[in-house]
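Q: sequence and predicted structure, then a few things I'm wondering about:
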Amino acid sequence: MAPAGPPTSVRQCGYVADGEPRGELAVNSSDSPTERIVHLRRGLRLEYLTVSWNVVEGVVSVAAAIAAGSVALLGFGIDSFVETTSGLILIWRLRAERHARDSEEIERLDQRAHKLVGLSLLLLAAYILVDAAKALKTRERPEPTVVGIAITSLSLAVMWWLALAKRRTARRLGSRALEADSFQTTACFWLSAITLAGIGLNAALGWWWADPLAAIGMTWLLVREGREAWHGEDCREN
């Protein structure tokens, strides 16, 4: 039996992929079961791409970080594996919907996945905070590395596109879990920019502290989003 459609109106807390405050999460209640399956498949393709890219990105980044002795690049690589965990959660959630019997069961699945993504955001914030504090204490300088610059530059384009595509699909499905995952992908985009800027500023101006300070400044967004998801703060209006 085809799954029933989602609630007709879902209002989200927090921030969306492009950094603007969330308003109504637009859901097309006129979508047929067949159209919803199309959106589910699109969401799954995006998550498979997310997991595949982040595994490659993480392995390459960690290897380059060890070779160059770059703490900033090592933190970026670890983040890739956290993003992989979030992607795997969404793969489970989207695949599980195919066996859901009604809209209430779909909602319960989404709430569970939303909470798990929130936990991964909190873990990411904790790691970034500890890693950045360590870098400030030890005055570790991000080293210029061709491989590191290449992988973080490419990640900027990939993560930005993925975040926007996930947000569009989340709107079609009415999925708060996928919306939270799009925020996590946006965080990966900003971490790519921070890592690249940190390596560049240190190489050009000797500003070794720019990278960890910028990373610390971003953790409050991750913590707020993670807490909202974990506590199930629901701004829905049915």
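A: Right, received. Where do you want to start? Numbers count the residues shown, from 1 in each chain.
Q: so what's the residue nearest the centre of the chain scoring on pLDDT?
A: Among the residues of the chain, the one closest to the centroid is Gln184, at 1.8 Å (Cα atoms, centre = their mean). pLDDT, Gln184: 82.
Q: show me where pLDDT drops low in the protein?
A: Residues of the chain meeting the criterion pLDDT under 70: 1-31, 69, 71, 99-103, 141-144, 232-238.
Q: all strands of it, in order?
A: 9-11, 24-26 (DSSP state E).
Q: relative to Leu222, how far out is the nearest residue to the residue nearest to the centre of the chain once chain neighbours are set aside?
A: Among residues not flanking Gln184 along the chain, Ser86 sits closest, at 4.8 Å (Cβ to Cβ, 6 or more residues apart in numbering). In short, each C-beta sits where N, CA and C put it, glycine included. Ser86 sits 12 Å away from Leu222, going by Cβ to Cβ, to the nearest Å.
Q: which one of the two has more residues nearby?
A: Using other Cβ atoms under 10 Å, the more surrounded residue of Ser86 and Leu222 is Ser86, with 31 against 24.
Q: so what's the more buried one up against?
A: Counting by Cβ atoms under 8 Å, 6 or more residues apart in numbering, Ser86 makes contact with 50, 117, 120-121, 181, 184.
Q: scan these and report the most crowded one.
A: Asp181 (34 neighbours).
Q: isn't that residue up against Val117?
A: Yes: contact criterion Cβ atoms under 8 Å: Asp181 and Val117 qualify, at 5.4 Å.
Q: which neighbours do Ser86 and Leu222 have in common?
A: With Cβ under 8 Å, 6+ apart, Ser86 and Leu222 have common neighbours Leu121.
Q: what's the burial count for the closest residue to Leu191 other than its chain neighbours?
A: Nearest non-adjacent residue to Leu191, counting by Cβ to Cβ, 6+ apart: Asp79, 5.4 Å away. Per other Cβ under 10 Å, the neighbour tally for Asp79 reads 26.
Q: so Asp79 sits right up against Thr185, yeah?
A: No: contact criterion Cβ under 8 Å: Asp79 and Thr185 do not qualify, at 11.1 Å.
Q: what about Lys134, distance to Ala215?
A: To Ala215, Lys134 is 11 Å away according to Cβ to Cβ.
Q: more neighbours: which of those two?
A: More crowded of Lys134 and Ala215, by other Cβ under 10 Å: Ala215, with 25 against 13.
Q: which non-adjacent residue is nearest the more buried one?
A: Excluding the flanking residues, the one nearest Ala215 by Cβ to Cβ, 6+ apart is Ala132, at 4.4 Å.
Q: Arg139 now?
A: In space, Arg139 is closest to Trp208, 6.4 Å off (Cβ to Cβ, 6+ apart).
Q: how many neighbours does Ser153 have?
A: Ser153, neighbours per other Cβ under 10 Å, totals 12.
Q: thought it was touching Leu196?
A: Yes: using Cβ under 8 Å, Ser153 is in contact with Leu196, at 6.3 Å.
Q: wait, the residue nearest to Ala215 touches Pro212, no?
A: Yes: the pair Ala132 and Pro212 passes the contact test of Cβ under 8 Å, sitting 3.8 Å apart.
Q: and the helices in this protein, which stretches?
A: Ranges of helices in the chain, per DSSP state H, are 33-68, 71-97, 103-138, 146-173, 176-205, 210-230.
Q: the third one packs against which elements?
A: Under the contact definition 3 or more Cβ pairs under 8 Å, 6 or more residues apart in numbering; DSSP states H and E, helix 103-138 sits against helix 71-97, helix 176-205, helix 210-230.
Q: likewise the shortest one?
A: Using 3+ Cβ pairs under 8 Å, 6+ apart as the contact definition, the elements that helix 210-230 packs against are helix 71-97, helix 103-138, helix 176-205.
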